[in-house]
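Visitor: Dropping a prediction and its sequence here:
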Amino acid sequence: MTSPTLYRATILHTPTNPFTDADALHAHDDGGLLVDGGVIRAAGPYADLRAAHPDVPVTDLRGGLLLPGFIDTHVHYPQVRVIGGLGLPLLDWLDQCALPEEARMADVAYARGVARDFVGGLLEAGTTTALVFGSHIAGAVDVFFEEATRRGLRAVSGLVVSDRLLRDELHTTPERAYAEGRALTLRWHGVGRNLYAVTPRFSLSASEGILEACAALMREFPDVRFTSHINENGREIEVVRDLFPGARDYLDTYEKAGLVGRRSVLAHNVWPSDRELGVMATHHCTAAHCPCSNSALGSGFFPLRRHLDAGVPVSLGSDVGGGTGFSLLKEGLQAHFMQNLMPDGVPLTPTHLLYLATLAGARALDLDGQTGSFEVGKAFDAVHLSPAPGTPLDAVFRHASSPERALAAAFATGTPADVAGVWIGGEHVHARSEVQAV
Ligand SMILES: O=c1[nH]c(=O)c2nc[nH]c2[nH]1
Ligand SMILES: [Zn+2]
């Protein structure tokens, strides 16, 4: 465990939901966090904490912003090397870009390299917790959890299961899906920072039999998480309708199997019905909004206002590799842009974006007792944004009239290059390597 440290910084976090609480943003120009054993033990003005703890070593992070670590609630591990397949709609993109690459994960040595690229990409972007679509290949899921453990990431992930309409190499059976999922759950769920997520790819590629196998696993391990895709693309929705003639709508395919609950996260939901929103709200099931992916694949505009009005929790996902990179700053900005462009869009402030990138994700994963904000008793999961001298963001930070103004600029123009340090459970898991001037 790490020894006690007092962090001094400009600190911002959202301990409550700004969509329902106007005072959700807590900002301290010269704030302090006392961290011991990886946990926040005290928080407040730096001067007060210093006076109370005069002997504790100080880590001075002034000149940047210290935010809770970002929480990415939808991202695909085997797709990191196919980022950038722009201009194709979902089903063509899957056929031409994603699935051929996902088939390569059968080679464990290849999967190891992908896992390194993927986990490194998350940490460098300031992501400290991620709900990760694993691989269709069980050995590659082990490789992912091994790499997440080695780097210290909080990982929620599992075997992706499908039994139709993808490629033969990626198909399984309900029996094998259950057996491999069970073995992986026993090996990884609750081990270190890892949690298991039952993960049928989407109803288009999942028979009722395989959804039932998923449900059986969830009955046996009631505290695992559940994730899948929903209502992303018009053509996808039509195919699902044809495949499940007895279902009321897309959500019903998961609902009938008993897979919708408060630990369920469904990615996209660009085209929901009112019934689906009502059921998601009743079950506290979260929609993971992935605005860069929705733009890159031309999927559509996320109806945030309808989700909020219905009471459906919403979080953010990068959806790499349909998405364009790991930065939740960029996802926040794209969410803001898209709402701005919609007739009935929700005006998103920097406070909303910070909440969506942090506490909303922790709540989606039922991890808000541990992470997502800087409240006393939570783990010290943090990202330090400190732009390189001479960059435009550095200029804004140095001249910002308030921490909120600096936060707005971080979302508008920040990138992984501005992430100077990342901590998870008090461990310094990423430090930016400084480029030497020549
Ligand atoms: O954006 C997406 N990426 C995927 O890999 C996928 N699979 C099913 N549906 C999907 N949507
Ligand atoms: Zn996805």
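Guide: Right, received. Where do you want to start? Ligands and ions are numbered 1, 2, ... in the order given.
Visitor: Next one: R305 from ligand 2, what distance?
Guide: Applying C-beta to the ion, to the nearest Å, the value for R305 to ligand 2 is 23 Å. No exception for glycine: its C-beta is placed from N, CA and C like everyone else's.
Visitor: how many neighbours does that residue have?
Guide: As a burial measure, R305 scores 13 neighbours (other C-beta atoms under 10 Å).
Visitor: Against which helices or strands is the helix or strand hosting it packed?
Guide: Using DSSP states H and E, R305 sits within helix 304-310. Applying 3 or more C-beta pairs under 8 Å, 6 or more residues apart in numbering; DSSP states H and E, one finds that helix 304-310 contacts helix 274-283, strand 314-316.
Visitor: cutoff 7 Å now
Guide: helix 274-283 (3 or more C-beta pairs under 7 Å, 6 or more residues apart in numbering; DSSP states H and E).
Visitor: from the middle of its chain, how far away would the helix it packs on be?
Guide: 22 Å (C-alpha atoms, centre = their mean, to the nearest Å).
Visitor: Give me the contacts around the helix holding R305.
Guide: 19, 277-278, 281, 287, 314, 339, 344, 346 (C-beta atoms under 7 Å, 6 or more residues apart in numbering).
Visitor: got the CA positions of that helix in PDB?
Guide: Provided in PDB are the C-alpha atoms of helix 304-310 (Å, rounded to 0.1, in the frame of the first residue of the first chain):
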ATOM      1  CA  LEU A 304     -30.500  12.700 -24.300                       C
ATOM      2  CA  ARG A 305     -33.500  14.700 -23.400                       C
ATOM      3  CA  ARG A 306     -35.800  11.800 -23.700                       C
ATOM      4  CA  HIS A 307     -33.500   9.700 -21.600                       C
ATOM      5  CA  LEU A 308     -33.400  12.400 -18.900                       C
ATOM      6  CA  ASP A 309     -37.200  13.000 -19.000                       C
ATOM      7  CA  ALA A 310     -37.800   9.200 -18.600                       C
END
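Visitor: Identify the residues contacting D36.
Guide: D36 neighbours (C-beta under 7 Å, 6+ apart): P4.
Visitor: Quick check: V119 touching L153?
Guide: Yes. Assessed by C-beta atoms under 7 Å, V119 is found in contact with L153 at 5.6 Å.
Visitor: the more surrounded of those two?
Guide: Neighbours per residue, other C-beta under 10 Å: of V119 and L153, the larger number sits with L153, 30 against 26.
Visitor: The more buried one against G121, yeah?
Guide: No. Using C-beta under 7 Å as the test, L153 is too far from G121 to be in contact (10.9 Å).
Visitor: for the most centrally placed residue in the chain, phi and psi?
Guide: Taking C-alpha atoms, centre = their mean, the centroid of the chain lies closest to D72, which sits 1.2 Å from it. Backbone geometry at D72, expressed as degrees, to the nearest 10, gives phi -90, psi 110.
Visitor: correct me, but it touches G126?
Guide: No. If you go by C-beta under 7 Å, D72 and G126 don't touch, sitting 9.8 Å apart.
Visitor: sorry, back to before: contacts only, for the residue nearest to the centre of the chain.
Guide: Here D72 is in contact with 122, 127, 130, 317-318, 328, 361 (criterion: C-beta under 7 Å, 6+ apart).
Visitor: give me the beta-bridge partners of it?
Guide: A130 (DSSP bridges).
Visitor: Distance of it relative to D366?
Guide: Taking C-beta to C-beta, to the nearest Å as the measure, D72 falls 16 Å from D366.
Visitor: what does this structure put close to ligand 1?
Guide: 76, 90, 94, 98, 201-202, 229, 232, 293, 319, 322 (C-beta under 6 Å from any ligand atom).
Visitor: Using CSV, lay out these together with neighbour count.
Guide: Shown next, in CSV, are the residues of the chain next to ligand 1 (neighbours: other C-beta atoms under 10 Å):
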residue, neighbour count
H76, 26
L90, 22
L94, 25
A98, 20
R201, 22
F202, 25
H229, 25
E232, 28
S293, 28
D319, 30
G322, 32
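Visitor: show me which of these neighbour ligand 2.
Guide: D319 (C-beta under 5 Å from the ion).
Visitor: Make CSV from the residues of the chain next to ligand 1 and add pLDDT to it.
Guide: Output for the residues of the chain next to ligand 1, formatted as CSV (pLDDT from 0 to 100):
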residue, pLDDT
H76, 99
L90, 98
L94, 98
A98, 98
R201, 98
F202, 98
H229, 99
E232, 98
S293, 98
D319, 98
G322, 98
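Visitor: who wins for neighbours among the contacts of D72?
Guide: Most surrounded of these: other C-beta under 10 Å gives G361, at 34 neighbours.
Visitor: Need the phi and psi values for V141.
Guide: According to degrees, to the nearest 10, V141 has phi -70, psi -40.
Visitor: Next one: it from V80, what distance?
Guide: 15 Å.
Visitor: The two: which is more packed in?
Guide: V141 (29 against 23).
Visitor: Roughly how far does that one sit from ligand 1?
Guide: 15 Å (C-beta to the nearest ligand atom, to the nearest Å).
Visitor: and the residue nearest to that residue when sequence neighbours are not counted, what does it touch?
Guide: Nearest residue to V141, sequence neighbours excluded (C-beta to C-beta, 6 or more residues apart in numbering): G134, at 4.3 Å. Going by C-beta under 7 Å, 6+ apart, G134 touches 77, 141, 144, 157-160, 199.
Visitor: Minimum distance to ligand 2, which residue of the stretch 101-250 of the chain gives it?
Guide: Proximity of the stretch 101-250 of the chain to ligand 2 (C-beta to the ion) peaks at H229, 5.6 Å away.
Visitor: Is that residue in a helix, a strand, or coil?
Guide: strand (DSSP: H, G, I helix; E, B strand; the rest coil).
Visitor: go on, V114?
Guide: Relying on three-state DSSP, one would call V114 helix.
Visitor: Now do the same contact list for it.
Guide: Contacts of V114 by C-beta under 7 Å, 6+ apart are 77-78, 80-81, 105.
Visitor: Mind putting those residues into a markdown table with pLDDT and secondary structure?
Guide: Shown next, in a markdown table, are the contacts of V114 (pLDDT from 0 to 100; DSSP: H, G, I helix; E, B strand; the rest coil):
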| residue | pLDDT | secondary structure |
| --- | --- | --- |
| Y77 | 98 | helix |
| P78 | 98 | helix |
| V80 | 98 | helix |
| R81 | 98 | helix |
| M105 | 98 | helix |
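Visitor: Many thanks, have a good one.
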